[in-house]
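**Q** Let me see the structure of the following:
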Amino acid sequence: MSDQVPRRRFLQSASALGLGAGLGTWEMLRGITPAAEDAKVGPEAVKLRPEIEPVVRWMEETPREQIFEKAVAELKNGLSYRSLLAGLFLAGVRNVQPRPVGFKFHAVLVINSAHMLGQSAPFSERLLPMFWALDNFKSAQEQDVKEGDWALGPVDEARVPSPHRAKADFVKAMEAWDVDGADVAAAGLCRSAGAAEAMEPFWRMATRDQRDIGHKAIYAAQSWRTLQAIGWDHAEPVLRSLAYAMLDLRGDRPGPIGPYEANLENAQKIRDEWQIGRADPGATRSLLETIRQASPEEASAETVKLLNDGVAPGSLWDAVLLGSSEMMMRNPGIVPLHGTTTANALHFAHHASGDDLTRKLALLQAVGWLPLYRARNKSPEAIVIDDLGEDAPSSTNEEAVAEIFEVNGDDHNQAAAKAMGFLARGGSPKLLFDASARMIFHKGTNSHDYKYGAAIWEECALASDPKWRPHLAAAALYNLPGSAKQDSPLMIRAREAVANVMG
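**A** Below you'll find the predicted structure:
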């Protein structure tokens with residue numbers, strides 16, 4: 001829904017979705033919400049305002065029960081969206097230990113997902129994800145204090161390598177699982193290389209280890225994407241934190257979880273012109289069937305075979321996202337959810353990396369990791385995602401979308417069928433996405449609502465074959481609430497804070 005949608009139509013749509021209560025209060029956010037051109041920051045606007053340290057400070061020091069009022073007051077006094085986003089991300093990086101990579105560290109992992117969902121929201125709701133992320137940070141900060149009050153310390157300047165050695169030293173330290181060596185080398189790399197060059201060895205490491213159910217790859221993608229919004233000037237503490245997270249072994253011996261060594265060999269077997277190939281829905285279905293049954297090594301080997309047979313990588317990425325989505329539909333929960341969010345991160349790395357081997361590994365590992373998720377996700381239902389049925393809703397407009405979410409509260413399968421029917425008959429994917437995002441804003445209760453929502457809807461848009469987009473959209477409903485669910489207490493409290501400060 002664009003900013004030009006008339007307010008009356010927006011309110012009617014919101015009412016149909018069960019989001020009508022209190023919207024008048026949220027309209028007050030129009031007075032403090034930055035304009036779209038300020039919120040939609042990009043790579044060309046990389047320099048940050050010098051006031052970012054005070055922003056981080058008030059986020060760190062304001063008590064949790066007062067954080068909404070403080071944020072509204074700061075926005076009212078001119079705080080920019082970019083500074084709000086940067087402060088949130090950096091406060092988490094500085095104050096929350098990235099080991100294990102997950103749990104309370106979602107305060108950092110979720111920032112870009114909240115940012116992405118907010119960018120497409122109606123103007124009056126654009127800040128809602130940031131309010132949620134503020135509270136999430138304060139919760140994580142409290143938990144970190146209880147667990148020892150970790151903080152990212154200063155760099156050992158005496159050990160920072162010279163510019164010509166920084167990249168090689170970083171790669172050597174990461175391959176040796178050397179935490180201290182990687183920390184100083186990451187600092188040297190950030191200081192001596194351009195953004196893309198500095199990130200390249202991190203993309204390789206993002207493909208290495210499935211430990212922490214894929215959060216290492218997720219953190220890599222989220223770091224890069226958030227830095228594109230807030231400015232590369234902040235890269236050093238972020239990438240130091242990322243390196244520390246990537247070397248988390250969870251008490252195991254050094255070495256990756258998953259088929260990394262096998263895929264290093266597999267990558268060498270792929271034809272030189274592997275990025276050029278034919279779109280092949282049959283190959284998508286074939287690889288999907290392999291993912292359902294094969295071992296990680298077998299699934300990766302089948303990927304090599306299909307690439308060498310001339311199949312385009314996009315058709316194989318479709319199989320990856322269909323496979324993770326099918327697991328989510330069969331047995332919704334934390335493990336299949338991470339199958340999708342990790343696949344999304346590796347898919348992003350595949351496109352972001354400039355190294356041919358890393359790009360191959362991103363695809364091979366995305367395929368090879370899915371059987372690891374499958375083994376941990378016993379599926380009581382035998383849903384077959386590439387053969388879903390359709391149940392046409394009453395129309396192809398906002399009322400149809402409202403019908404889908406009304407049903408979703410009681411029966412995900414029926415709601416998915418209605419979504420399939422809605423899109424098959426020409427219903428707007430954007431209407432469905434906008435409603436999904438607003439369900440997350442108003443009724444979501446944890447980081448995974450934002451992470452999964454941003455990932456699955458991005459993959460809907462990226463599907464190589466448009467025929468699979470309804471299937472991925474249908475899967476999204478399995479982690480979304482129905483319209484009858486009450487607004488989250490957090491959003492109610494945020495609404496009250498807006499009224500108190502703006503009233």
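**Q** Now do the contacts for the closest residue to residue 230 other than its chain neighbours.
**A** Of all residues not flanking residue 230 in the chain, residue 86 sits nearest, at 3.8 Å (CB to CB, 6 or more residues apart in numbering). C-betas here are computed from N, CA, C, even on glycine. Going by CB atoms under 8 Å, 6 or more residues apart in numbering, residue 86 touches 48, 52, 55, 229-231, 234.
**Q** Quick check: of these, which lies closest to residue 128?
**A** Proximity of these to residue 128 (CB to CB) peaks at residue 229, which lies at 17.4 Å.
**Q** what mean pLDDT does stretch 459-470 have?
**A** Averaged across stretch 459-470, pLDDT comes to 96.
**Q** buried ones in it?
**A** 459-460, 462-464, 468-470 (16 or more other CB atoms under 10 Å).
**Q** Quick one: residues in contact with that stretch.
**A** For stretch 459-470, using CB under 8 Å, 6+ apart, the contacting residues are 279, 281, 284, 312, 314-315, 317-318, 321-322, 340, 343-344, 347, 386, 388, 419-420, 423-424, 429, 433, 472-473, 476.
**Q** And stretch 268-277, by the same measure?
**A** Contacts to stretch 268-277, defined as CB under 8 Å, 6+ apart, come from residues 304, 307-308, 310-313, 315, 359-360.
**Q** ditto for stretch 306-320
**A** 269-271, 274-281, 283-288, 291, 303, 343, 347, 350, 363, 366-367, 370, 462-465, 468.
**Q** Can you give me the neighbour number for residue 331?
**A** 16 (other CB atoms under 10 Å).
**Q** Tell me how far the closest residue to it other than its chain neighbours lies from residue 100.
**A** Closest residue in space to residue 331, ignoring its immediate chain neighbours: residue 379 at 4.7 Å, by CB to CB, 6+ apart. Distance, residue 379 to residue 100, using CB to CB, to the nearest Å: 26 Å.
**Q** Residue 163: neighbouring residues, count only.
**A** Neighbours of residue 163 (other CB under 10 Å): 12.
**Q** now the contacts of stretch 268-277: which count as buried?
**A** By 16+ other CB under 10 Å, those give 304, 307, 311-313, 315, 359-360 as buried.
**Q** Filter the residues you listed down to just the ones in helices.
**A** 304, 307, 313, 315, 359-360 (DSSP state H).
**Q** Let me know the closest of these to residue 481.
**A** Looking across these and measuring by CB to CB, the closest to residue 481 is residue 315, at 33.2 Å.
**Q** For stretch 363-379, buried residues please.
**A** 363-374, 377.
**Q** Residues contacting the helix or strand where residue 238 lies, please?
**A** According to DSSP states H and E, residue 238 maps onto helix 235-246. Applying CB under 8 Å, 6+ apart, the set of residues contacting helix 235-246 from outside is 89-90, 93-94, 98-99, 101, 105, 108, 152, 155, 170, 174, 179, 182-183, 186-187, 189-191, 195, 198-199, 202, 205-206, 208-209, 215-216, 219-220, 223, 226-227.
**Q** and after that helix, which helix or strand comes next?
**A** helix 260-268.
**Q** I'd like the next helix or strand past that following helix.
**A** Using DSSP H and E, the helix or strand that follows helix 260-268 in sequence is helix 281-293.
**Q** Just the CA trace of that next one, in PDB.
**A** What follows is helix 281-293, C-alpha atoms only, in PDB (Å, rounded to 0.1, in the frame of the first residue of the first chain):
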ATOM      1  CA  PRO A 281      10.300 -26.300 -13.500                       C
ATOM      2  CA  GLY A 282      10.900 -30.000 -13.900                       C
ATOM      3  CA  ALA A 283      14.300 -29.600 -12.400                       C
ATOM      4  CA  THR A 284      12.800 -27.600  -9.500                       C
ATOM      5  CA  ARG A 285      10.400 -30.400  -8.700                       C
ATOM      6  CA  SER A 286      13.200 -33.000  -9.100                       C
ATOM      7  CA  LEU A 287      15.500 -31.300  -6.700                       C
ATOM      8  CA  LEU A 288      12.600 -30.700  -4.300                       C
ATOM      9  CA  GLU A 289      11.900 -34.400  -4.200                       C
ATOM     10  CA  THR A 290      15.600 -35.100  -3.500                       C
ATOM     11  CA  ILE A 291      15.600 -32.600  -0.600                       C
ATOM     12  CA  ARG A 292      12.700 -34.500   0.900                       C
ATOM     13  CA  GLN A 293      14.600 -37.700   1.100                       C
END
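**Q** can you give me the mean pLDDT across that helix?
**A** Here the average pLDDT along helix 281-293 is 97.
**Q** Buried ones only from the contacts of helix 235-246, please, as a ChimeraX command.
**A** Of those, the buried ones can be selected in ChimeraX as follows, counting by 16+ other CB under 10 Å:
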select :89,90,93,94,98,101,105,108,152,155,170,174,182,183,186,187,189,190,198,199,202,205,206,208,209,215,216,219,220,223,226,227
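**Q** tell me the pLDDT at the closest residue in space to residue 427 that isn't next to it in sequence?
**A** With sequence-adjacent residues excluded and distances taken as CB to CB, 6+ apart, residue 427 is closest to residue 396, at 4.1 Å. As predicted, residue 396 sits at a pLDDT of 77.
**Q** What of the one 5 residues further on?
**A** Residue 401 carries a pLDDT value of 95.
**Q** list the helices and strands the helix or strand harbouring it packs on?
**A** For residue 401, the host element (DSSP H and E) is helix 398-408. With contacts taken as 3 or more CB pairs under 8 Å, 6 or more residues apart in numbering; DSSP states H and E, helix 398-408 sits against helix 7-16, helix 412-424, helix 429-443.
**Q** Which of these sits closest to residue 140?
**A** Ranking the helices and strands packed on helix 398-408 by proximity to residue 140 (CB to CB) places helix 429-443 first, at 18.8 Å.
**Q** Pull out the CA atoms of the next helix or strand after that closest one and give them to me as PDB.
**A** Using DSSP H and E, the helix or strand that directly follows helix 429-443 along the chain is helix 447-462. Output of helix 447-462 as PDB, limited to C-alpha atoms (Å, rounded to 0.1, in the frame of the first residue of the first chain):
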ATOM      1  CA  SER A 447      11.700 -11.600  16.700                       C
ATOM      2  CA  HIS A 448      10.900 -14.600  14.500                       C
ATOM      3  CA  ASP A 449       7.600 -13.000  13.400                       C
ATOM      4  CA  TYR A 450       9.700 -10.200  11.800                       C
ATOM      5  CA  LYS A 451      12.600 -12.300  10.600                       C
ATOM      6  CA  TYR A 452      10.400 -14.900   8.900                       C
ATOM      7  CA  GLY A 453       7.900 -12.400   7.500                       C
ATOM      8  CA  ALA A 454      10.700 -10.300   5.900                       C
ATOM      9  CA  ALA A 455      12.400 -13.400   4.500                       C
ATOM     10  CA  ILE A 456       9.500 -15.200   3.000                       C
ATOM     11  CA  TRP A 457       8.000 -12.200   1.400                       C
ATOM     12  CA  GLU A 458      11.300 -11.200  -0.100                       C
ATOM     13  CA  GLU A 459      11.600 -14.800  -1.500                       C
ATOM     14  CA  CYS A 460       8.100 -14.500  -3.000                       C
ATOM     15  CA  ALA A 461       9.300 -11.600  -5.000                       C
ATOM     16  CA  LEU A 462      12.600 -13.300  -6.000                       C
END
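**Q** All good on my end, thank you.
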